[in-house]
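Enquirer: Okay, here's the prediction I keep looking at, along with the sequence it came from:
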Amino acid sequence: MSTVADIKAMLMKGKAKDVEALVTKALQEGVSPAVILNEGLLAGMGEIGEKFKKNEVYVPEVLIAARAMKAGMAVLKPKLLEAKVQPRGTVVIGTVKGDLHDIGKNLVGMMLEGAGFQVIDAGIDVPPEKFLDLARTHNAQLIGCSALLTTTMTNMKAVVDAVKNSDLKGKVKIMVGGAPVTQAFCDEIGADGYAPDAASAADLAKRLVGVA
Ligand code: B1M
């Protein structure tokens with residue numbers, strides 16, 4: 001197997017130290033940072049995402065794969081910057097106002113990073129203005145809203161309305177998700193997309209920014 005194939009395989013097993021060492025080895029072998037990213041790290045994370053969707057792996061496996069991805073990215077990031085490899089886009093992600101649940105939101109953030117996005121984590125209990133401020137500061141193309149409570153999912157509409165009534169209208173798309181959220185709710189509040197799980201959220205983000 002090539003070193004890049006080894007990176008993908010070790011990432012899927014969640015072997016952070018091996019991934020870190022293999023990324024270093026691949027760079028020493030002269031493999032381009034973009035190939036290491038696309039065919040090693042992103043390919044591995046993508047396959048984990050597909051398995052997660054099919055219930056072939058569960059949250060712990062995704063978390064350890066994401067940790068391995070992070071370890072590889074720590075070595076690769078400076079080289080990507082030198083090689084001017086651009087992220088697929090920037091997403092501001094947060095749990096909406098009044099809601100403190102962040103496990104799903106963090107998982108979505110990891111899958112988005114795993115899909116090559118720059119992720120700005122707005123945290124929990126995020127008011128609409130904070131989503132918008134961060135989107136402006138980081139020149140984001142996407143805002144991702146998570147909600148786990150039936151009482152807070154309605155606050156997603158406030159984010160959608162705030163974007164529609166601002167300078168970001170037409171520039172920033174909004175994706176929504178979380179256990180009580182549905183496609184029908186997404187349509188009702190006028191958000192741009194809904195994803196039922198973290199892996200689908202990464203696919204949706206790619207579609208929304210046109211890199212799918
Ligand atoms: Co709370 N809680 N909780 N809770 N909690 C639920 C959500 C609840 C269903 C439990 C229950 O009653 N059976 C219930 C909500 C009922 C409802 O509204 N219908 C509930 C309640 C009532 C509450 C409190 C009000 C309890 C109280 O204090 N009386 C309170 C509210 C606090 C607040 O937010 N203001 C509360 C508090 C808490 C804890 C702090 C104790 C803790 C949160 C810790 C944390 O997040 N750091 C907690 C937890 C852990 C849960 C449960 C048990 C688990 C949630 C979770 O992390 N799931 C939950 C019951 C349950 O779901 N079994 C429950 C795992 C996670 C990976 O899944 O977040 O759904 P999930 O994310 C998925 C998808 O939904 C999707 O992708 C993820 C991965 O595939 N997804 C997105 C999520 N965000 C997305 C965004 C996207 C796309 C996809 O695009 C942007």
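Expert: Nice, thanks for sending it over.
Enquirer: ranges for the helices of the protein?
Expert: Secondary structure of the chain by DSSP state H: the helices cover 3-12, 16-28, 33-35, 43-53, 59-82, 103-114, 128-137, 155-164, 183-189, 198-209.
Enquirer: residues touching Asp197, list them.
Expert: The contact partners of Asp197, by C-beta atoms under 8 Å, 6 or more residues apart in numbering, come to 52-53, 177. Glycine gets a C-beta too; all of them are placed from N, C-alpha and C.
Enquirer: got it, and Gly46?
Expert: By C-beta under 8 Å, 6+ apart, the contact set of Gly46 is 114-115, 202.
Enquirer: what's the spacing between it and Val23?
Expert: Gly46 sits 17 Å away from Val23, taking C-beta to C-beta, to the nearest Å as the criterion.
Enquirer: quick one: the residue nearest the centre of the chain from Asp161, how far?
Expert: By C-alpha atoms, centre = their mean, the chain has its centre lying nearest to Leu112, at 1.4 Å. Note on Leu112: its distance to Asp161, by C-beta to C-beta, is 24 Å.
Enquirer: Return the distance of stretch 67-82 from the chain's centre.
Expert: 16 Å (C-alpha atoms, centre = their mean, to the nearest Å).
Enquirer: For that stretch, the averaged confidence score.
Expert: In this model, stretch 67-82 has a mean pLDDT of 88.
Enquirer: For that stretch, buried residues please.
Expert: 68-73, 75-76, 79-80 (16 or more other C-beta atoms under 10 Å).
Enquirer: which among those gets closest to the ligand?
Expert: Taking C-beta to the nearest ligand atom as the measure, Met69 is the one of the buried residues of stretch 67-82 closest to the ligand, at 16.1 Å.
Enquirer: could you list every residue that touches the closest one?
Expert: By C-beta under 8 Å, 6+ apart, the contact list for Met69 reads 11, 19, 41, 44-45, 110, 113-114.
Enquirer: Check His101 too.
Expert: Counted by C-beta under 8 Å, 6+ apart, His101 has contacts 95, 124, 146-149, 178.
Enquirer: Val176 is in contact with Gly190, isn't it?
Expert: No: under the criterion of C-beta atoms under 8 Å, Val176 is not in contact with Gly190, lying 10.4 Å apart.
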